[in-house]
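Asker: need a structure here:
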Amino acid sequence: MAARRARAAAQALRAGREQHQAGRLLQAGAFYRRVLEAAPAHPEALYLLGVVELQSGEVDAAVARFSQAIAARPGLADAHASLGYALTLQGKFAEAEPALKKALSLDSGHVLAHNNLGNAVMHLGRTDEAIAWYRKAIAIEPRYADAHFNLGLALRDWGQLPESGESIRTALRLRPDFPEAHNTLGCVLWESGRLPEAASSFRAALDLRPHYAEAYFHLHCVVLDLEGPKAAIECLQRAAELKPQDPALRFFLGMLLEHSGDAPAAAAHFELVARGSALDRARLDAWQYVKSLAGQRPMLVGSPVRGFQVGMDAAAHPGLVLEFGVRMGASIRQIAALAKQQVHGFDSFAGIPEDWHGEPRGSYSTKGVLPSVPRDVALHAGWFEETLPRFMARHPEPVRLLNIDCDLYSSTRTVLELLAGRIVPGSIIVFDEYLGYEHWRQDEFKAFHEAATRHGWAHEHLAVSFSTKQAVIRITGRMPR
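Answerer: Numbering: from 1, shown residues only. The predicted structure is shown next:
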């Protein structure tokens, strides 16, 4: 009897595998369940049924099934790896990490476990570790497109845009029909200031996936600068048709419609936004602020490089070009290409000096590694209050253009106070985190307006961007006190 049951279980397992390989999940699952009727603790049947459940979208059931398989055979590396992956799908990244590491302790060449461990630690904020895990996966399987793509995502998060772009291009060479990779490459090119190439990448993503709302949104940021508001509105209208209840899309569409003179059409979008999250309401608040500005309404821009172009074009007087908050050097390279003079970058390269809206102290650290920059860029490593006074003692010139990417109120205040005597009529200040996020009134915005009041800076907003949170401000004179 026992031998007959074992033979029947083996036949059912074999049939289940055949159906599974043919993509017939329902039939495969039925055969695996037949195995489990004969042998309830059969580790392979438990594991394979978990795979079927995972592929069918039954993630909770798959987690339970993989756990049963591990209990039946603790040394089954695939079950540990699949459990870790399923836990990442549930958003349980801290639980996924030990499961994936256990899989690798049993099978050091398990390429999926390496990749998924990278995904887990990436979500836990440990980008440098994620990069290492993805590279291990690629070393084992150089043609693993997902690992190249994930490495590109991590390198982008790390601020290494050229390296990120190369990894994503490798993924696309391996899998040309990869819409997420085309979309992400577009984002990397957008951040790098290569707008026509970014537009081509977003359109390639849309050719593969015509209902890709995220790609339409990203494309609007680029065409706003390349083609103007009408083309950007068309992109956002397509995105909003695909995701009509998305308040972020409706905000950007309403803002551009109102900026273009169609306030009635904008109002319907803003009604939905007003019922959204704290972030949605903060964007509306920031837009009300922009509309309240005296004089000519500032230009709306969609890309970081366009903000720098507006600022540099307006920076007519000679003087210092400075950046505070360099990290991996993406923005300072763009500024240097536009400035045609020496640019000085200041950063501790140890991350932010205090907690900031959920970001812990030390976030955005480069671990002390200075980025590669052009010869016309000089980097000054250390805390602003230490490096800036020494620099100013050697450089008496006024500020021509100042890019503040400090994020924090305290750091921005330090910079503005130390440079107050050098900020003169004609000085341009570009802020990277000025408006359009939940806490926008508490950080760079607050530090600037306090400094403007203290020092009597009359000023005008030349450009703002809700997609980048930038503002470009020109000091126009001194107000009487």
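Asker: you'd agree residue 287 is up against residue 252?
Answerer: No. If you go by C-beta atoms under 8 Å, residue 287 and residue 252 don't touch, sitting 10.0 Å apart. Where you see a C-beta, it was placed from the backbone N, CA and C, and this is true even at glycine.
Asker: Check which element follows the longest helix belonging to the chain along the chain.
Answerer: Criterion DSSP state H: the longest helix present in the chain is helix 2-21. Next in sequence after helix 2-21, counting helices and strands by DSSP states H and E, comes helix 25-38.
Asker: can you list the residues that contact the helix or strand that that next one is followed by?
Answerer: Following helix 25-38 in sequence order, the next helix or strand is helix 43-55 (DSSP H and E). Contacts to helix 43-55, defined as C-beta atoms under 8 Å, 6 or more residues apart in numbering, come from residues 9, 13, 16-17, 20, 25, 28-29, 32-33, 35-36, 39, 59, 61-66, 68-69, 72-73, 76, 78-79, 82, 85-86, 89.
Asker: What are the buried residues along whichever helix or strand comes after helix 43-55?
Answerer: Using DSSP H and E, the helix or strand that follows helix 43-55 in sequence is helix 59-72. For helix 59-72, the buried set under the neighbour-count rule, 16 or more other C-beta atoms under 10 Å, comprises 59, 61, 62, 63, 64, 65, 66, 67, 68, 69, 70, 72.
Asker: which secondary structure elements does the following helix or strand past helix 59-72 contact?
Answerer: Once the chain leaves helix 59-72, the next helix or strand it forms, by DSSP H and E, is helix 77-89. Contacts defined by 3 or more C-beta pairs under 8 Å, 6 or more residues apart in numbering; DSSP states H and E place helix 77-89 against helix 43-55, helix 59-72, helix 93-106, helix 111-123.
Asker: got JSON lines for these, with distance to residue 402 and mean pLDDT too?
Answerer: Formatted as JSON lines, the helices and strands packed on helix 77-89 follow (distance: least, C-beta to C-beta, whole Å; pLDDT from 0 to 100):
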{"stretch": "helix 43-55", "distance to residue 402": "52", "mean pLDDT": "93"}
{"stretch": "helix 59-72", "distance to residue 402": "49", "mean pLDDT": "95"}
{"stretch": "helix 93-106", "distance to residue 402": "39", "mean pLDDT": "97"}
{"stretch": "helix 111-123", "distance to residue 402": "33", "mean pLDDT": "97"}
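Asker: okay, those helices in a markdown table with distance to residue 319 next?
Answerer: Shown next, in a markdown table, are those (distance: least, C-beta to C-beta, whole Å):
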| stretch | distance to residue 319 |
| --- | --- |
| helix 43-55 | 60 |
| helix 59-72 | 58 |
| helix 93-106 | 47 |
| helix 111-123 | 41 |
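Asker: Can you list the low-confidence ranges for the protein?
Answerer: Counting by pLDDT under 70, the chain contains low-confidence ranges at 1-4, 6, 351-354, 356-357, 362-366, 480-481.
Asker: what's the closest non-adjacent residue to the residue nearest the centre of it?
Answerer: Geometric centre of the chain, nearest residue: residue 157, 6.1 Å, by C-alpha atoms, centre = their mean. Computed as C-beta to C-beta, 6 or more residues apart in numbering, the closest residue to residue 157 that is not its neighbour in sequence is residue 127, at 5.1 Å.
Asker: was I right about that neighbour contacting residue 158?
Answerer: Yes. Using C-beta under 8 Å, residue 127 is in contact with residue 158, at 5.2 Å.
Asker: Now do the helices in the stretch 201-350 of the chain.
Answerer: Secondary structure of the stretch 201-350 of the chain by DSSP state H, counting those that start in this stretch: the helices cover 213-226, 229-242, 247-259, 263-274, 278-292, 304-314, 330-339.
Asker: In the last one, which residues are buried?
Answerer: Neighbour-count burial for helix 330-339, with 16+ other C-beta under 10 Å as criterion, is recorded at 330, 331, 332, 333, 334, 335, 336, 338, 339.
Asker: next one: the longest one
Answerer: Residues 280, 281, 282, 283, 284, 286, 287, 289, 290 are the ones in helix 278-292 that count as buried (16+ other C-beta under 10 Å).
Asker: Next, format those as a markdown table and append distance to residue 172.
Answerer: Shown next, in a markdown table, are the buried residues of helix 278-292 (distance: C-beta to C-beta, whole Å):
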| residue | distance to residue 172 |
| --- | --- |
| 280 | 34 |
| 281 | 38 |
| 282 | 36 |
| 283 | 33 |
| 284 | 38 |
| 286 | 36 |
| 287 | 37 |
| 289 | 41 |
| 290 | 38 |
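Asker: wait, doesn't residue 278 sit right on residue 437?
Answerer: No. Counting by C-beta under 8 Å, residue 278 does not reach residue 437; the two are 10.1 Å apart.
Asker: Show me the common contact partners of residue 287 and residue 252, please.
Answerer: Common neighbours of residue 287 and residue 252 (C-beta under 8 Å, 6+ apart) are residue 466.
Asker: from what I can see the residue nearest to the centre of the chain touches residue 122, true?
Answerer: Yes. Here residue 157 reaches residue 122: they are 7.4 Å apart, a contact under C-beta under 8 Å.
Asker: List the contacts of residue 138.
Answerer: Residue 138 sits next to 144, 147, 148, 151 when contact means C-beta under 8 Å, 6+ apart.
Asker: now swap in residue 253 and tell me
Answerer: Residues in contact with residue 253 (C-beta under 8 Å, 6+ apart) are 233, 236, 237, 239, 240, 266, 269.
Asker: The second one and residue 256 touch, don't they?
Answerer: Yes. In this structure, residue 236 is within contact of residue 256 by C-beta under 8 Å, at 6.6 Å.
Asker: mind listing what the nearest residue to residue 471 once chain neighbours are set aside touches?
Answerer: Excluding the flanking residues, the one nearest residue 471 by C-beta to C-beta, 6+ apart is residue 434, at 3.8 Å. For residue 434, the contact set (C-beta under 8 Å, 6+ apart) comprises 440, 444, 445, 448, 464, 469, 470, 471.
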